[in-house]
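> sequence first, then the predicted structure, then my questions.
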Amino acid sequence: MGEKKSEQLEFIPAQVKVIETVRPQYSCRHCEKTTTKVQIKIAPVPLSPIPKSIATPSLLAQIITSKYQYSLPLYRQESMFKQHGISINRKTSSEWVIKCSTLFKPIVDYLQQELRKQPAIQADETPVKVIHEDKAKCHMWVYCSGTDSPVDNGSKNIVLYDYQPSRAGQCAVDYLQGFNGIVQADGHKGYDKLKTPLIGCMAHARRKFTDAKKAQPKNKSGRADMAIKKIAQLYRIEKAIKDLSSAEKHRARQEKAVPLLKDFKKWLDKSAMQVLPKSAIGVAIRYSLNQWHKLIGYVDSGDTNIDNNRAERAVKPFVIGRKNWLFSNTANGANASAVLYSIIETAKANGLTPFNYLMFLLEELPKKPDNLEYLMPWNVKLEAII
């Protein structure tokens, strides 16, 4: 009669184990009788991410991913460990996190060097509260490269965070020193200090028209609707060419997007003369005209995107985490957060599970490798770290 099968998922709670390492000590009986100095031999202490600590790579990876990937503050993790009968207070966890960030700093520095070699990057910034700094000025800057396309265009997927007690454009100038590619960002004037080609974000322009549409009478179309339709045509082109090579994207944009952009510019110039400058639609039109030379910059290269959404998506994990842990106590804590967010988000951008990648780094870095290239996420095979 055959058989029928059914499946159900069962959840097995996490387990905490104590790993005990026994190292016997040996002495030479002959030496004890013939010499006054007794030699004692013992195996070396196993390598550990944090020497003289009870924290193993798996425990540290769990604490880091819980906070920086899943936005679980350390005080909540403290209560969770108590349920397993383990006492790990938040102060201890915080010290471990900062020490791990110091261990990972060479990896992030290496990633920063690779970022500067990329043909194009995207940038964004968001406020962060740091208690012992001027809270009104502190910002977390985000820089990323690569694409979501399966086509290998030679660009590496990198997401890096940089804490700065300022939003001044000099922060980007210093961080990207030596970079000669294209920078894509929003309308923040600080980026104008960069001496590299700078292009804008069409999503920001569209957002202005979306706001203007909300100000229109309901059930009535207006100039905002027309602008949104014109921008949608540009996005349809991008959707159609997303899996092409850089050279093919460039040709397609020159053939298809450039004529649409010229038509859009004529419409903006004409509409600017017909609306009130301070109205919602007037503000939207003026923004696009002021940013126009940057907004159209993406058509001159196949390595760029039509918008800055890749960087804005990279900012979101930090923003979500900020809502839970609210602030950093010191600049050291903010810098540690920047390092750990960089490791986690770069791992995700390369298709790796952050927990497994962190464990891999925590096991390999104590060995003090001479070459860090094999630790880069694009060189790590997923099956090797599971």
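Structure's in. What do you need?
> low pLDDT regions in the stretch 1-150 of the chain?
Low-confidence segments of the stretch 1-150 of the chain, defined by pLDDT under 70: 36, 135-136, 148-150.
> now for the helix ranked longest in the chain, which elements pack on it?
Determined from DSSP state H, the single longest helix within the chain is helix 90-115. Judged by 3 or more C-beta pairs under 8 Å, 6 or more residues apart in numbering; DSSP states H and E, the packing partners of helix 90-115 are helix 57-68, helix 74-83, strand 158-164, helix 331-349, helix 354-364. In short, each C-beta sits where N, CA and C put it, glycine included.
> which of the residues in it are buried?
92-94, 96-101, 103-104, 107-108, 111-112, 114-115 (16 or more other C-beta atoms under 10 Å).
> cool, stretch 162-176 as well?
Residues of stretch 162-176 classed as buried by neighbour count (16+ other C-beta under 10 Å): 162-165, 167, 171-173, 175-176.
> do the same with stretch 366-384
366, 372, 375-377, 380.
> got the CA coordinates for it in PDB?
Presented in PDB, the C-alpha positions along stretch 366-384 are these (Å, rounded to 0.1, in the frame of the first residue of the first chain):
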ATOM      1  CA  PRO A 366      45.400  34.200  17.000                       C
ATOM      2  CA  LYS A 367      47.800  32.300  14.800                       C
ATOM      3  CA  LYS A 368      49.000  35.700  13.600                       C
ATOM      4  CA  PRO A 369      49.100  34.900   9.800                       C
ATOM      5  CA  ASP A 370      51.500  36.800   7.600                       C
ATOM      6  CA  ASN A 371      49.100  37.100   4.700                       C
ATOM      7  CA  LEU A 372      45.500  38.200   5.400                       C
ATOM      8  CA  GLU A 373      44.300  37.600   1.800                       C
ATOM      9  CA  TYR A 374      43.000  34.100   2.500                       C
ATOM     10  CA  LEU A 375      40.900  35.500   5.300                       C
ATOM     11  CA  MET A 376      39.000  37.800   3.000                       C
ATOM     12  CA  PRO A 377      35.300  36.900   2.700                       C
ATOM     13  CA  TRP A 378      35.500  36.500  -1.100                       C
ATOM     14  CA  ASN A 379      38.300  33.900  -0.700                       C
ATOM     15  CA  VAL A 380      36.500  31.900   2.000                       C
ATOM     16  CA  LYS A 381      34.300  29.000   0.800                       C
ATOM     17  CA  LEU A 382      31.000  28.700   2.600                       C
ATOM     18  CA  GLU A 383      31.400  24.900   3.100                       C
ATOM     19  CA  ALA A 384      34.800  25.400   4.700                       C
END
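> which one of the buried residues of stretch 162-176 is nearest to residue 323?
Among the buried residues of stretch 162-176, residue 163 lies closest to residue 323 (C-beta to C-beta), at 17.7 Å.
> contacts only, for that closest one.
For residue 163, the contact set (C-beta atoms under 8 Å, 6 or more residues apart in numbering) comprises 128, 130, 138-141, 331, 334-335, 337-338.
> 10 Å instead?
Residue 163 makes contacts with 128, 130, 133, 138-141, 171, 328, 331-339, 341, as judged by C-beta atoms under 10 Å, 6 or more residues apart in numbering.
> what's stretch 68-77 in contact with?
Outside stretch 68-77, the residues within contact range by C-beta under 10 Å, 6+ apart are 62-63, 65-67, 80, 88-94, 96-97, 317-326, 336-337, 339-345, 347-348, 353-355, 358.
> how far off centre is that stretch?
Distance, stretch centre to chain centre, for stretch 68-77: 17 Å (C-alpha atoms, centre = their mean, to the nearest Å).
> which positions within that stretch qualify as buried?
Neighbour-count burial for stretch 68-77 flags 68-69, 71-72, 74, 77 (criterion: 16+ other C-beta under 10 Å).
> over to stretch 254-272?
Neighbour-count burial for stretch 254-272 flags 256-257, 260-261, 264, 267-268, 271 (criterion: 16+ other C-beta under 10 Å).
> which stretches in this protein count as strands?
25-27, 40-42, 120-127, 139-145, 158-164, 182-184, 198-199 (DSSP state E).
> right, and those - which one's nearest residue 309?
Of all the strands of the chain, strand 120-127 sits nearest to residue 309, with 8.4 Å by C-beta to C-beta.
> on that earlier part again, ok, the buried residues of stretch 366-384 vs residue 181, which is closest?
Closest approach to residue 181 among these (C-beta to C-beta): residue 376, at 19.1 Å.
> ok, now which ones touch that closest one?
By C-beta under 10 Å, 6+ apart, the neighbours of residue 376 are 107, 110-111, 114, 156, 158, 346, 350.
> JSON lines for the residues you listed, including distance to residue 180?
Listed next are those as JSON lines, based on distance: C-beta to C-beta, whole Å:
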{"residue": "107", "distance to residue 180": "24"}
{"residue": "110", "distance to residue 180": "19"}
{"residue": "111", "distance to residue 180": "18"}
{"residue": "114", "distance to residue 180": "14"}
{"residue": "156", "distance to residue 180": "16"}
{"residue": "158", "distance to residue 180": "16"}
{"residue": "346", "distance to residue 180": "22"}
{"residue": "350", "distance to residue 180": "24"}
